[in-house]
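1. Return a 3D structure for these sequence lines:
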Amino acid sequence: MRNLLKLTLASALLILATAFTNSTTTATEPGVFKIMEVTHLWDLLKSNYEPDRERDGTWLEVGLRSKYAMAKNYASLSILEETFDEDVFLRGPHQGEMDFNSTTSFGYYNPQFIAKAHDAIATALKNPVFSKVAEAFYTKHLRSMAHTYYSGFLYLEQNPEIRQDLINEYVLMVAQPGGAGDGSLQEHFREFAEELEKGPQKADVYEAFTAPSFWVRRHIDGTADDFIKLLELVVGHFEGAK
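-> Down below sits the predicted model:
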């Protein structure tokens, strides 16, 4: 197994070196390299992943938490902050590592980090060698979730009164001594989630339940526009402008 891992890593590094050779991207752009590295290694990272509720904050192989757990050895919070020379969060419970257990606070993302990640992804996608690998990765591992999160964003955009009520409710819950609790807003999205699950895209119901909550928090921390631009960059590159 160790020899297989070494061989896989060596192959990935060779592919990365080829990608860099065929573009203006250089190793002095660590954010671009990190995106290419994790993308090339994803199938291996996923194949070695087994969900652990206590360790990862989830028992599933879908959703953002599991994807972070899969990539953590190469893209942990501290690694990302060093790579992009920016704090990922401006405030909240995530200090040095992701804390999924806090019920009285949540992470306020740093817009400067999102901007740098956006630029790094845009640069990486201009590389034809990487773009071909990334397209396969996107189609296999990200496409369904990307569509679900885009639908979650649109749902709140098309229902501004519901969005504001949810924002107010969530802020009040977080301020209480007992906090918001796990899955605190999910029941508000049951109809939305079941519709997506049964719809043409056959969305994962867990992702459909949690996607709108992500956007509620992003409207509170002020980064909803930053994240939707990043999402539209990726979806638009592989599927054409939405």
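2. show me where pLDDT drops low in the chain?
-> Residue ranges of the chain with pLDDT under 70: 1-28, 181-184, 241-242.
3. in it, which spans are helices?
-> For the chain, the helices defined by DSSP state H cover 2-21, 30-47, 53-56, 63-75, 77-84, 111-125, 128-137, 143-158, 160-175, 190-198, 205-221, 224-239.
4. how about these in TSV, adding mean neighbour count?
-> In short, each C-beta sits where N, CA and C put it, glycine included. Below are the helices of the chain laid out as TSV (neighbours: other CB atoms under 10 Å):
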stretch	mean neighbour count
helix 2-21	13
helix 30-47	19
helix 53-56	12
helix 63-75	18
helix 77-84	17
helix 111-125	18
helix 128-137	17
helix 143-158	19
helix 160-175	14
helix 190-198	16
helix 205-221	21
helix 224-239	16
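5. possible to save the ones you listed as a markdown table with distance to G96?
-> Shown next, in a markdown table, are these (distance: least, CB to CB, whole Å):
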| stretch | distance to G96 |
| --- | --- |
| helix 2-21 | 26 |
| helix 30-47 | 18 |
| helix 53-56 | 16 |
| helix 63-75 | 13 |
| helix 77-84 | 6 |
| helix 111-125 | 15 |
| helix 128-137 | 28 |
| helix 143-158 | 26 |
| helix 160-175 | 21 |
| helix 190-198 | 33 |
| helix 205-221 | 19 |
| helix 224-239 | 23 |
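6. Return the residues in contact with the residue nearest the centre of the chain.
-> For the chain, the residue nearest the mean C-alpha position is L64 (5.4 Å; CA atoms, centre = their mean). Going by CB atoms under 8 Å, 6 or more residues apart in numbering, L64 touches M145, T210, F214.
7. Could you dump these into a markdown table and include distance to Y108?
-> Listed next are the contacts of L64 as a markdown table, based on distance: CB to CB, whole Å:
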| residue | distance to Y108 |
| --- | --- |
| M145 | 23 |
| T210 | 18 |
| F214 | 13 |
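8. Among the residues you listed, which one lies nearest to H237?
-> For the contacts of L64, the residue nearest H237 by CB to CB is M145; the value is 15.9 Å.
9. thinking again about what came up before, closest one to M70 out of the contacts of L64, please.
-> For those, the residue nearest M70 by CB to CB is M145; the value is 13.0 Å.
10. Next, work out how far apart the closest one and Q112 are.
-> 25 Å (CB to CB, to the nearest Å).
11. before we move on, what about F137?
-> Using CB to CB, F137 is found at 26 Å from Q112.
12. same question, G57
-> Taken as CB to CB, the span from G57 to Q112 is 26 Å.
13. Please compute how far stretch 74-90 lies from its chain's middle.
-> Put simply, stretch 74-90 sits 14 Å off its chain's centre (CA atoms, centre = their mean, to the nearest Å).
14. any residues touching it, and which ones?
-> Counting contacts by CB under 8 Å, 6+ apart, the residues outside stretch 74-90 that touch it are 30-31, 34, 37-38, 41, 45, 68, 94, 96-98, 107-110, 112-113, 116-117, 120, 221.
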